[in-house]
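Enquirer: sequence first, predicted coordinates after that:
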Amino acid sequence: MPSQQEDVQQFDLIIVGAGSGNMIPVPEMETWRLAIVEPDKFGGTCLNRGCIPSKMLLYAAEVVETARHGEKVGVYHKLERLDWQRIVGRVWQRIDPIAEAGAAYRKSQPHITVFEQPARFVDERVIESGGHLLTADRIVLGAGTRPVVPDLPGLDQVPYHTSDTIMRLEAQPASMVIIGGGYIGAEMAHFFGTLGTHVTLVDRGAALIKNEDEAVAQLFTEAYQRRFDILLHAQMQRVSRVDGGVTVHFDVNGQPHDVTAEILLFVAGRRPNSDRLNLAVTEVEMDDRGRVLTNAFMETSVPGIYAFGDLASRYQLKHIANAEARHITAQLLGEDRHPIAYDGAPHAIFGNPQVASVGITERQAVAQGIPYITATRKYAETAYGWASEDTESFVKLIADPETRLLLGAHIIGPHASLLIQPLVQGMKYGQTVDQMAQVIYIHPALTEVVEQALLEL
Ligand SMILES: Cc1cc2nc3c(=O)[nH]c(=O)nc-3n(C[C@H](O)[C@H](O)[C@H](O)COP(=O)(O)OP(=O)(O)OC[C@H]3O[C@@H](n4cnc5c(N)ncnc54)[C@H](O)[C@@H]3O)c2cc1C
Ligand SMILES: NC(=O)c1ccc[n+]([C@@H]2O[C@H](COP(=O)([O-])OP(=O)(O)OC[C@H]3O[C@@H](n4cnc5c(N)ncnc54)[C@H](O)[C@@H]3O)[C@@H](O)[C@H]2O)c1
């Protein structure tokens with residue numbers, strides 16, 4: 001406990017982290033004394049180094065890809081030039097002012113005090129930030145995650161990037177080795193590779209995006225194998241510096257394999273920032289990976305301390321962090337108390353092909369012994385898919401044969417992130433697959449592939 005009790009500033013609510021945490025102060029709290037602790041930019045990972053900049057960059061890749069595939073329908077384009085400064089500059093010229101304005105707005109609010117140094121607990125309910133001591137009966141922890149950088153011999157001798165820095169490169173690299181074939185690896189390989197960087201995408205697993213339904217992961221891996229150098233079953237051994245770049249030395253199925261590239265990018269997962277909060281002085285519990293444990297009300301093991309978002313959630317997704325932040329806000333305001341619903345935790349990967357998913361995979365159904373039926377429908381079997389010369393994309397549905405409820409949906413192909421949404425809604429409101437199929441689907445829109453898959457169940 002701090003020795004001078006009078007130095008501890010009392011608040012009604014302390015919010016640690018102004019990523020999704022910045023959503024929590026709502027107008028109904030204007031009579032409260034609020035503290036926000038944020039040592040970095042307002043808006044957190046999603047705005048400053050995640051979802052938004054990556055999708056702005058990926059939009060440029062989409063434009064290139066669309067033009068490139070015109071020849072399938074007799075439209076020929078020549079890519080004249082790429083203006084890297086404009087592609088990358090557009091992103092930061094638009095994003096950086098938003099983060100600054102967000103911080104300025106909060107600082108201008110008389111009931112809010114912003115603390116700009118990292119928060120760490122010094123006692124169960126006392127937080128220190130830059131020498132200031134703060135306390136409140138209610139504290140919300142939303143300190144997020146940071147990239148994992150593997151401990152690797154030679155790494156102290158070579159330059160490398162993570163997703164925090166890779167989207168701000170001043171010039172387009174000629175080549176890049178990407179460690180991690182998950183979400184970020186899939187998206188960054190697509191962006192850099194489409195624009196002409198020679199990409200080697202590496203994973204230690206047997207497939208890219210391996211947590212997706214097996215059929216989706218397989219088609220995705222095959223599609224990426226046609227576009228990039230893909231190295232699977234790869235165990236990193238060490239890295240070394242070479243002229244103009246880095247060599248990564250792997251063991252692939254017992255054989256040595258080296259990859260040399262101008263840029264080395266680690267996107268091999270993210271770890272919670274809980275280790276930086278000094279939670280040891282509190283009773284707040286964590287799992288063995290540092291994820292703060294909460295119940296379905298986002299309450300930690302200490303009454304009045306909530307945790308949410310990447311720091312605490314099973315899902316490291318912005319829409320989930322937002323939903324959890326809204327859930328906490330409702331409880332702080334004393335609104336209806338009900339457990340949070342994740343609605344099958346829908347998500348999308350904005351690679352090419354695009355992937356979207358909700359609910360369980362077939363692998364999970366088998367592992368959990370859940371009885372199921374499946375139906376798979378190719379885009380090519382619908383008018384629009386056929387018109388667009390699509391040959392591989394598909395919708396795969398998994399349903400309960402008794403209740404006829406949808407257990408999972410997995411889509412790979414153009415607009416997957418949009419096509420999944422009516423299924424997410426149907427699942428949330430407990431519709432059977434037959435009810436979902438009864439809706440009138442616009443002809444000849446791509447959504448007919450969803451209708452046909454539902455009818456096939
Ligand atoms: C490259 C990339 C692309 C992504 N794309 C998508 C996407 O397309 N869709 C999607 O749904 N999700 C995406 N995500 C994930 C998404 O960014 C996160 O799920 C989301 O930002 C989590 O929000 P959060 O508020 O929990 O954490 P964050 O946004 O990380 O916010 C946490 C905040 O806490 C602050 N903080 C850390 N330590 C302390 C401390 N000690 N004291 C006080 N404050 C602290 C940090 O500075 C940060 O501002 C992406 C992530 C990355 C990295
Ligand atoms: N579109 C989106 O919603 C989106 C986009 C980007 C990121 N995100 C979120 O950010 C999180 C982090 O993304 P990510 O791509 O870093 O993590 P990830 O968990 O999606 O993928 C990490 C990959 O790295 C591989 N890997 C781990 N250690 C390795 C090693 N030593 N050598 C080789 N491969 C290794 C893993 O096998 C895995 O495939 C995601 O889980 C996701 O929740 C979401």
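Expert: On my side now, so go ahead. Ligands and ions are numbered 1, 2, ... in the order given.

Enquirer: quick one: the helices in the stretch 351-457 of the chain?
Expert: 362-367, 383-387, 416-419, 421-428, 433-438, 448-456 (DSSP state H, counting those that start in this stretch).

Enquirer: right, and these - which one's nearest ligand 1?
Expert: With respect to ligand 1, and counting by C-beta to the nearest ligand atom, the nearest of those is helix 416-419 at 9.1 Å. In this view, the C-beta of every residue, glycine as well, is placed from N, C-alpha and C.

Enquirer: for the residue in the stretch 301-450 of the chain positioned nearest to ligand 1, give me the pLDDT.
Expert: Using C-beta to the nearest ligand atom, Gly309 is the residue of the stretch 301-450 of the chain that sits closest to ligand 1, at 2.1 Å. With respect to pLDDT, Gly309 scores 98.

Enquirer: what does Asp7 give?
Expert: Looking at Asp7, the pLDDT reads 88.

Enquirer: show me which residues of the stretch 151-300 of the chain sit near ligand 1.
Expert: Ser163, Ile184, Asn273, Arg276, Leu277 (C-beta under 6 Å from any ligand atom).

Enquirer: who wins for most neighbours among these?
Expert: Counting neighbours by other C-beta atoms under 10 Å, Leu277 leads these with 25 neighbours.

Enquirer: which bits of this protein sit near ligand 2?
Expert: Within the chain, the positions adjacent to ligand 2 are 150, 179-185, 187, 202-205, 210, 236, 267-270, 316-317, 347-350 by C-beta under 6 Å from any ligand atom.

Enquirer: residue ranges with poor pLDDT in the stretch 351-457 of the chain?
Expert: The stretch 351-457 of the chain contains no residues with pLDDT under 70.

Enquirer: and the nearest residue to Ile340 once chain neighbours are set aside, what element?
Expert: Once flanking residues are discounted, Ile340 sits nearest to His327: 4.7 Å by C-beta to C-beta, 6 or more residues apart in numbering. Using DSSP states H and E, His327 maps to helix 318-332.

Enquirer: next secondary structure element downstream of that helix?
Expert: Following helix 318-332 toward the C-terminus (DSSP H and E): strand 347-349.

Enquirer: what's that following strand packed up against?
Expert: helix 183-194, strand 355-359 (3 or more C-beta pairs under 8 Å, 6 or more residues apart in numbering; DSSP states H and E).

Enquirer: show me what contacts the residue of the stretch 301-450 of the chain closest to ligand 1?
Expert: By C-beta atoms under 8 Å, 6 or more residues apart in numbering, Gly309 lies in contact with Gly17, Gly19, Ser20, Gly21, Gly142, Gly144, Ile320, Ala321, Glu324, Ala325.

Enquirer: ok, the nearest residue to it once chain neighbours are set aside - contacts?
Expert: Using C-beta to C-beta, 6+ apart and skipping residues adjacent in sequence, the residue nearest Gly309 is Ala321, 3.6 Å away. When contacts are counted by C-beta under 8 Å, 6+ apart, Ala321 touches Gly19, Ser20, Cys46, Gly142, Phe308, Gly309, Asp310, Ser313.

Enquirer: over to Arg270?
Expert: Arg270 touches Thr145, Arg146, Pro147, Val148, Asp310, Gln316, counting by C-beta under 8 Å, 6+ apart.

Enquirer: pull out the buried residues from those.
Expert: The neighbour count (16 or more other C-beta atoms under 10 Å) marks Thr145, Arg146, Pro147, Asp310, Gln316 as buried among these.

Enquirer: go through these and flag which are in strands.
Expert: Thr145, Arg146, Pro147 (DSSP state E).

Enquirer: quick revisit: can you list the contacts of Gly309 in TSV and add pLDDT?
Expert: Listed next are the contacts of Gly309 as TSV, based on pLDDT from 0 to 100:
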residue	pLDDT
Gly17	98
Gly19	98
Ser20	98
Gly21	98
Gly142	98
Gly144	98
Ile320	98
Ala321	98
Glu324	97
Ala325	98
